[in-house]
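Q: dropping the sequence and predicted coords here.
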Amino acid sequence: MKKLKRRHYQWHHRRPRSLGGSNDVRNMSHVSTAGHQAWHTLFRNFTPHKIAEIINETWLDADFEFVVRRRELK
């Protein structure tokens, strides 16, 4: 498999800044440029619950349900 060069990656905010996310390292993921673009094309800056709704209504086999839940604090 061809190794991608560094310029083919971007930083992605896991919680979008428009929804209160920060630039803290825990909120950032280093993702491929193509994957980043695809994510925002499909899901823009929607909340996790809205993303799950879109996945269930559009992409997932009707016999299954994609569920999102908030993690419990440790």
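A: Sure, I can see it.
Q: element containing residue 42?
A: In this structure, residue 42 is located in helix 33-43 according to DSSP states H and E.
Q: what's that helix packed up against?
A: strand 9-13, helix 48-54 (3 or more C-beta pairs under 8 Å, 6 or more residues apart in numbering; DSSP states H and E). Bear in mind the C-beta positions are built from the backbone N, C-alpha and C, glycine included.
Q: export those to CSV and tack on mean neighbour count and mean pLDDT?
A: Converted to CSV, those look like this (neighbours: other C-beta atoms under 10 Å; pLDDT from 0 to 100):
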stretch, mean neighbour count, mean pLDDT
strand 9-13, 15, 96
helix 48-54, 15, 97
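Q: format those as JSON lines; extra columns: distance to residue 66.
A: Listed next are the helices and strands packed on helix 33-43 as JSON lines, based on distance: least, C-beta to C-beta, whole Å:
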{"stretch": "strand 9-13", "distance to residue 66": "20"}
{"stretch": "helix 48-54", "distance to residue 66": "5"}
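Q: can you pull the contacts of residue 34?
A: Contact criterion C-beta atoms under 8 Å, 6 or more residues apart in numbering gives residue 8 as the residues in contact with residue 34.
Q: over to residue 18?
A: Residues in contact with residue 18 (C-beta under 8 Å, 6+ apart) are residue 45.
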